[in-house]
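Participant: just to be clear, the model below is a prediction. Sequence and coordinates:
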Amino acid sequence: MTISTRSPFAQHFSLDPNVIYLNHGAFGACPLVVQAKQLEFRERLEKNPVHFFTRELERLLDDTRAVLGPFLGANPEDLAFVPNATAGVNTVLSALELEAGAEIIINDHTYPACRNAVQYWAARRSHQVRVAQFPFPLASGEELSQAILAQVTERTRLVLLDHVMSPSGLITPVESLVRTLHERGIDTLIDGAHGPGMLPLDLERLGAAYYTGNLHKWGCAPKGAAFLWVRRDRQALIHPLVISHGWATPRTDRPRFLLEFDWPGTLDASAILSIPAALSFLAGLFEGGFPALYAYNHALALTGRDTLCKALGTPPPCPDSLLGSLAVALFPEVTPKVPTPDALNNALVARGIEVPIVPLPGYPSGFVRIAAQVYNSPSEFVVLAEALREELGLG
């Protein structure tokens, strides 16, 4: 089997050098320098917890927001911190007071945890859930928009959109959908778990009612760093999942939105406070900053996908324009060996390759999803391609 060559950027991460890690989209990976910054904040907290929580934390959160806001194209005061995007989705769903019979639209690529959240909150409040069916493979983003809009009725009140779909890596045309739905009086909640750090964002211009995103994935911050952006005219409706001191505080020197979200009780805020260090690290990798990083990872993802498609003898399942740093390659409809997705995944893990295998009706073992982060190299995709050919009996 071909031996892979590590990317020169791999030295900045603590990933196991004996594992070909092609699943950055799962939980991300935190650079060494950011891990060190998080440790600094933890040590600072433990030197005097009372001083840290009561006299420093609020200012430090504002400092983090001041960096994060421009990166997201958002007013810092419209950003609340949450543990992850799933928590952000649940926060919005738990706070909304829609009438009985109101409809919420999701789709068959909706991230399972968020699909569960929609079903759970809908069942508690007698809401209806409509599921748009996305064609896959597909020829254009218009097919995604048409599938969503075909589910809209006079009872539709909210549409949950994945900015980047977890199983397939497809980018949802959120700009046009948010605009069209808004014109029909329908709010959008965007699950941007993969958005920040993969795609350029301008949340103010986008204008969705709600956008939640992770920083621990493509933003390379520590786990537990995520945000919820709420459009100014919707903030009075949204409260944190944990109601704490901020709910009844008499303070008027800060927005109520921040007072409620910034203090859910005792917490380890070191992951959140390390966000600026993570963004600084990523921005410094290339002379062109984030635009150069986006272009590099996109090109790397396409290289990996094309390598896999050639080895598997299958065409790309979507246009290049619908991809960021995630991509998939379909398996042939007929293969000599037909392992289940779990069996194939286990076989790859035994070879030292970490990559997800996603089930797809009509295909023997579904498809493989690759992630392209700077620590990956083209030769790693070659190793994966050869392993897949062997495990599927293609040669």
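Facilitator: Great, that's in hand. Residues are numbered from 1 along each chain as shown.

Participant: can you verify my assumption that Asp179 contacts Arg205?
Facilitator: Just so we're on the same page, residue 179 is Arg rather than Asp. No: here Arg179 lies out of contact with Arg205, judged by Cβ atoms under 8 Å, at a distance of 10.6 Å. Heads up, the C-betas are built off the backbone N, CA and C, glycines and all.

Participant: out of the two, which sits in the busier spot?
Facilitator: More neighbours surround Arg179 than the other of Arg179 and Arg205, with 13 against 9 (other Cβ atoms under 10 Å).

Participant: for that one, give me its contacts.
Facilitator: Arg179 makes contact with Gly207, according to Cβ atoms under 8 Å, 6 or more residues apart in numbering.

Participant: could you point out the helix or strand that follows the helix or strand harbouring it?
Facilitator: In this structure, Arg179 sits in helix 174-183 according to DSSP states H and E. Downstream of helix 174-183, the first helix or strand assigned by DSSP H and E is strand 187-192.

Participant: ok and that following strand relative to helix 174-183, angle-wise?
Facilitator: 160 degrees (axes from the mean of the first three to the mean of the last three Cα atoms, to 10 degrees).

Participant: strand 187-192 pairs with which strands, and in what direction?
Facilitator: Strands that pair with strand 187-192, judged by DSSP bridges, come out as strand 156-162 (parallel), strand 210-214 (parallel).

Participant: point out the most buried one among those.
Facilitator: Counting by mean count of other Cβ atoms under 10 Å, strand 210-214 has the highest mean neighbour count of the strands paired with strand 187-192, with a mean of 28.

Participant: quick one: distance of stretch 369-385 to the chain centre.
Facilitator: Mean C-alpha position of stretch 369-385 versus that of the full chain (Cα atoms, centre = their mean, to the nearest Å) differs by 19 Å.

Participant: then stretch 368-384?
Facilitator: Offset of stretch 368-384 from its chain centre (Cα atoms, centre = their mean): 19 Å.

Participant: pretty sure Ala301 sits against Ala327.
Facilitator: Yes: using Cβ under 8 Å, Ala301 and Ala327 qualify as a contacting pair, with a distance of 4.5 Å.

Participant: give me the more crowded residue out of these two.
Facilitator: The neighbour count for Ala301 versus Ala327, taken as other Cβ under 10 Å, is higher for Ala327 (30 against 25).

Participant: check contacts around the more buried one.
Facilitator: 169, 301-302, 304-305, 369-370, 372.

Participant: tell me how far it lies from Gly169.
Facilitator: Separation of Ala327 from Gly169 (Cβ to Cβ, to the nearest Å): 5 Å.

Participant: all helices for the stretch 101-250 of the chain, in order.
Facilitator: Taking DSSP state H, counting those that start in this stretch as the criterion, the stretch 101-250 of the chain carries its helices at 112-124, 141-149, 174-183, 203-206.

Participant: now those helices in TSV, with distance to Thr64?
Facilitator: Listed next are the helices of the stretch 101-250 of the chain as TSV, based on distance: least, Cβ to Cβ, whole Å:
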stretch	distance to Thr64
helix 112-124	25
helix 141-149	33
helix 174-183	25
helix 203-206	16
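
Participant: right, and the ones you listed - which one's nearest Pro315?
Facilitator: helix 141-149 (16.3 Å; Cβ to Cβ).

Participant: and the closest one, what does it pack onto?
Facilitator: On a contact count with 3 or more Cβ pairs under 8 Å, 6 or more residues apart in numbering; DSSP states H and E, helix 141-149 meets strand 103-107, helix 174-183.

Participant: okay, now the sheet partners of the shortest one, with direction.
Facilitator: Counting by DSSP bridges, the strands paired with strand 103-107 are strand 128-132 (parallel), strand 156-162 (parallel).

Participant: how about the helix with the most length in the chain: buried residues?
Facilitator: Longest helix in the chain by number of residues, with DSSP state H as the criterion: helix 289-312. By 16 or more other Cβ atoms under 10 Å, the buried positions in helix 289-312 come out as 290, 293-294, 296-298, 300-305, 307-309, 311-312.

Participant: now the helices and strands packed on helix 141-149 in a markdown table, please, with extra columns for distance to Asp78 and mean pLDDT.
Facilitator: As requested, those are exported to a markdown table (distance: least, Cβ to Cβ, whole Å; pLDDT from 0 to 100):
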| stretch | distance to Asp78 | mean pLDDT |
| --- | --- | --- |
| strand 103-107 | 23 | 98 |
| helix 174-183 | 16 | 98 |
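
Participant: do you know which of those lies nearest His239?
Facilitator: Distance to His239, taken as Cβ to Cβ, is lowest for strand 103-107 among the helices and strands packed on helix 141-149, at 18.8 Å.

Participant: quick check: bridge partners of the closest residue to Ala209 other than its chain neighbours?
Facilitator: Setting aside the residues directly before and after it, Ala209 is nearest to Asp187 in space (Cβ to Cβ, 6 or more residues apart in numbering), at 3.9 Å. Under DSSP bridges, the beta-bridge partners of Asp187 are Leu158.

Participant: Asp187 against Arg234, yeah?
Facilitator: Yes: between Asp187 and Arg234 a contact is recorded at 7.4 Å, counting by Cβ under 8 Å.
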